[in-house]
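> Quick one: sequence and predicted model below, then my questions.
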Amino acid sequence: MTPERAAYATMWEESRGRFHDEAPSETRTPFQRDRDRIVHCSAFRRLGHKTQVFISPEGDHIRTRLTHSLEVAQIARSIARALGADEDLTEAIALAHDLGHTPFGHVGEDALDEIMQPFGGFDHNDQALRILTRLEMRYPTHPGLNLTWEALEGVVKHNGPVRDDPLPLTLSEVNAGFDLEVGTHAGLEAQIAAISDDIAYNHHDMDDGLRARLFTIGQVREAVPHVDAAFASVDRDYVDLPRPVRIAEAVRRLIGEMVADVLAEARRRLAEAKPENAAALRAAGRQMVAFSAGMAGREKSLKAFLFANMYRAPAVNEERADGMRIIGELFRYYLNKPHRLPEIWRDACAGPFDATTARTVADYIAGMTDRFAHRQYKHLFAGTTRLRLS
């Protein structure tokens, strides 16, 4: 049974359409088609070999961008159902939110952004839009996946209004022909996807950090009071649980607490604002889906612990340095020798050191998986002096 949508949900019947006109499907709504197109695209499959935190993790249980995206989608769909949002649009945005990430996690983005500064920089959110509208090639008549306005708006604005001046390159181009109203808040579905991302990565990164033994249960309990309370409740209910089960149960309870808090706070804000439809919700001037003040403080404390003990742990920092070097070397090589790119990329290049060539090289490298980037690096530089730009 399809749950009833709230008045302020994004209605697929009222979609603003797609960049390129298409005949409607007889069996799927526009937002179901958006979700399906994302799941079937090449960039989504590549997320299975892209890092969440660890670079090319050896452990089979460590999360990748793909598993993270699926976890975000699961949490988002649950919240969407409880709030009466469109579940399919929510899921589509959640599944697409990390498509623009480079190999080697955030370090890859940092490296590309630094080296692309003379050519407009690099941003993973803008790269996701670039993939969805430019780089995926699956149709004979146009590039991109031809998603709905609502799906593109959600991907672009899931973290809130875009205040950048100037706008990132791809967003500027897309927005000129398909106004995404970048200065307003996104619809309810994108807001749900964004907070589900926060819920997922905080607790699943903690889980991965404990699995990798970057820190102990005792250390995180001592530093983060609400995590301590979760483990204490598990220990009261169960005696002598195996360590992996104990961690999993604590994480499950922590996620449940955050979801419950989000639902209560969102319902409070929605009742206060009384948006009559999706347009009124976008124009409300504030986020409708958010943590309460108390939960926001608890989330901040967990983030601070993870930053100090995981994202900047010595072992992770060593991998970060390796990732920065690999991305930098590959970019310099292909910027200097664009004729060495695969044909589909080579044809878009104007010549060495050209801005169009630089963006094409960035697109190519950003699409690499961790292991492919490693292989390319070894193939190009094994036994040679590293290339530097003069």
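Yes, it's here. Residues are numbered from 1 along each chain as shown.
> can you tell me the helix or strand for the nearest residue in space to Tyr139 that is not next to it in sequence?
Leaving aside its sequence neighbours, Tyr139 sits nearest to Asn146 (CB to CB, 6 or more residues apart in numbering; 6.8 Å). Any C-beta I mention is one placed from the backbone N, CA and C, and that applies to glycine too. Using DSSP states H and E, Asn146 is not contained in any helix or strand.
> which ones are touching Ala296?
Ala290 (CB atoms under 8 Å, 6 or more residues apart in numbering).
> before we move on, back to that, what's the pLDDT at the residue nearest to Tyr139?
Per-residue confidence at Asn146 stands at 97 (pLDDT).
> before we move on, what about Ala362?
On the pLDDT scale, Ala362 gets 97.
> swap in Asp179?
Value for Asp179, per-residue pLDDT: 95.
> okay, how far is it across stretch 184-192, tip to tip?
Across stretch 184-192, the terminal residues are separated by 16 Å (CA to CA, to the nearest Å).
> which residues sit against the strand or helix carrying Asp322?
Using DSSP H and E, Asp322 maps to helix 314-336. Residues from elsewhere that reach helix 314-336 (CB under 8 Å, 6+ apart): 53-55, 102-105, 107-108, 110-112, 115, 214, 310, 340-341, 352-353, 357-358, 361-362, 364-365, 373-374, 376-377, 380-381, 386-389.
> For the protein, name the helix or strand with the lowest mean pLDDT.
Least confident element among the helices and strands of the chain, by mean pLDDT, DSSP states H and E: helix 314-336 (a mean of 88).
> where does that helix sit relative to the chain's centre, distance-wise?
Chain-centre distance of helix 314-336: 21 Å, with CA atoms, centre = their mean, to the nearest Å.
> With stretch 147-158 instead?
13 Å.
> cool, stretch 78-98 as well?
That offset, for stretch 78-98, works out to 14 Å (CA atoms, centre = their mean).
> For the least confident helix or strand of the chain, list every residue counted as buried.
316, 319-320, 322-324, 326-336 (16 or more other CB atoms under 10 Å).
> Which parts of the stretch 51-200 of the chain are helices?
65-83, 87-96, 105-115, 124-130, 149-157, 169-177, 188-211 (DSSP state H, counting those that start in this stretch).
> for the chain, what's the longest helix?
helix 243-273 (DSSP state H).
> In the stretch 51-200 of the chain, where is pLDDT below threshold?
53-61 (pLDDT under 70).
> what's the residue most central in space within the chain sitting at in phi/psi?
Nearest to the geometric centre of the chain sits Asp98, at 2.7 Å (CA atoms, centre = their mean). When quoted as degrees, to the nearest 10, the phi and psi of Asp98 stand at phi -110, psi 10.
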